[in-house]
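Asker: here is a sequence together with a model predicted from it:
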Amino acid sequence: MGGPDRIEGLVVGAEPPTSLKTMTEMEEVVADLRGTGISVGASLTELVRPDLIAKGVITAQQLRSVVDGERVLVAGVVTHRQRPETRWV
């Protein structure tokens, strides 16, 4: 029932919906990034690091010990782009 102190259609005393499932750390970071473009939580790379290691991806630190000419597998997240782009000669 409506009135000066009530919103039309509002039901007082109704049971609230069941609680939402708690988001995983990955879901929270992705939601932050989608919603704001930044996240104060873990980085995506940090969260998938075990999977990357299992696939043979090496870290930037490990690149220091790679022999010149050796093929490596790397991964990362683009955080900035250089403008204008670098021209390879």
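Answerer: Yep, it's here. Residues are numbered from 1 along each chain as shown.
Asker: show the end-to-end separation of stretch 15-25, please.
Answerer: Taking CA to CA, to the nearest Å, the first and last residues of stretch 15-25 lie 29 Å apart.
Asker: as a whole number, average confidence for it?
Answerer: The average pLDDT within stretch 15-25 is 83.
Asker: ok, stretch 38-46 next?
Answerer: The average pLDDT for stretch 38-46 rounds to 89.
Asker: distance from the chain centre to that stretch, please.
Answerer: Using CA atoms, centre = their mean, to the nearest Å, we find the averaged C-alpha position of stretch 38-46 to lie 6 Å away from the chain's own average C-alpha position.
Asker: just stretch 11-27 next, same as before
Answerer: When C-alpha coordinates are averaged (CA atoms, centre = their mean), stretch 11-27 and its chain have centres 22 Å apart.
Asker: what residues does it touch?
Answerer: Stretch 11-27 is contacted from outside by Arg6, Ala31, Gly41, Ala42, Leu44, Leu47, using CB atoms under 8 Å, 6 or more residues apart in numbering. All C-beta atoms are positioned from the backbone trio N, CA, C, and that covers glycine.
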